[in-house]
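**Q** Predicted coordinates and the sequence they were generated for:
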Amino acid sequence: MNNTISIRQGFPHHIGIIVDGNRRWAKEKSLPTFAGHKKGAERIEEIVKYAQELGIKIITIYAFSTENWKRAEEETSYLMKLFETYARNKMEEANELGIQIRVLGDFQGLPDALQEILTQLITLTRSNEKMIVNLALNYGGRDELIRTFRKLHLANVTALEISEELVNINLDTAGLPDPDLIIRTSGEQRLSNFLPWQATYAELYFPKVHWPDFDKNQLDIALEEFQQRQRRMGK
């Protein structure tokens, strides 16, 4: 597979990725669940850097959903600490690469220590323009819509004033184009509350490979599949 795919018309501007299969990957290898999450975090770093090399401008990573809190406390605590460690250790590198970091989701629902380091990361990279990476943490699409409608209500927006544009500028993704391509690894064929408003016309791709095994070659395959799709946008 040629890993120097040319950037041409029809190439995705914004890719969303539902990171799935870390636990199954670990189980298949007789490793602890934590090992799967650690490998998955390393793979996120690799894929983000490769996507930037390819010229992809926006990538949204669905790393932790509002529903994931239902998992064992030991696992969720580990994940929060893992996110905190990566944010702290990769902050300067992200800035040097010109990557702007944004966080989608209920920010106030995250642990204080994670909120603090993410705030530093967001502030440090705010002016970067080479690439935008959205981290969907404590994110749920329905929760996002509820929070959006609450914003409109608090702004005294009347029912007749509500429009698609007004909703767009009050979403967590305000100011960003909708994803062109959404990838969900590990073979599950559903969006699981990921960007329901924004994904209306996204192309969906469901490889069976678990996320820790989703390497550069797998991204190439996904992008080639995308380029073969005919996007009519309702026309």
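**A** Received the coordinates, thanks.
**Q** Every contact and neighbour count from this point should use C-alpha atoms.
**A** Noted.
**Q** Name the spans of the protein whose pLDDT lies under the cut-off.
**A** Low-confidence segments of the chain (pLDDT under 70): 1-10, 235.
**Q** Check the secondary structure at the most centrally placed residue in it for me.
**A** By CA atoms, centre = their mean, the chain has its centre lying nearest to residue 61, at 1.7 Å. What DSSP: H, G, I helix; E, B strand; the rest coil gives for residue 61 is strand.
**Q** Could you report the separation of residue 209 from residue 21?
**A** Distance, residue 209 to residue 21, by CA to CA, to the nearest Å: 8 Å.
**Q** Pick out whichever of these two has more residues nearby.
**A** Per other CA atoms under 10 Å, whichever of residue 209 and residue 21 has more neighbours is residue 21, with 23 against 17.
**Q** quick one: the more buried one and residue 184, what's the gap?
**A** Residue 21 is 9 Å from residue 184, by CA to CA.
**Q** picking that back up, between residue 209 and residue 21, which contacts overlap?
**A** Common neighbours of residue 209 and residue 21 (criterion: CA atoms under 8 Å, 6 or more residues apart in numbering): 185, 186.
**Q** For the spatially closest residue to residue 113 that is not a sequence neighbour, what are phi and psi?
**A** Distances taken as CA to CA, 6 or more residues apart in numbering place residue 84 nearest to residue 113, at 7.4 Å, with adjacent residues excluded. Residue 84 adopts backbone torsions of phi -60, psi -40, taken as degrees, to the nearest 10.
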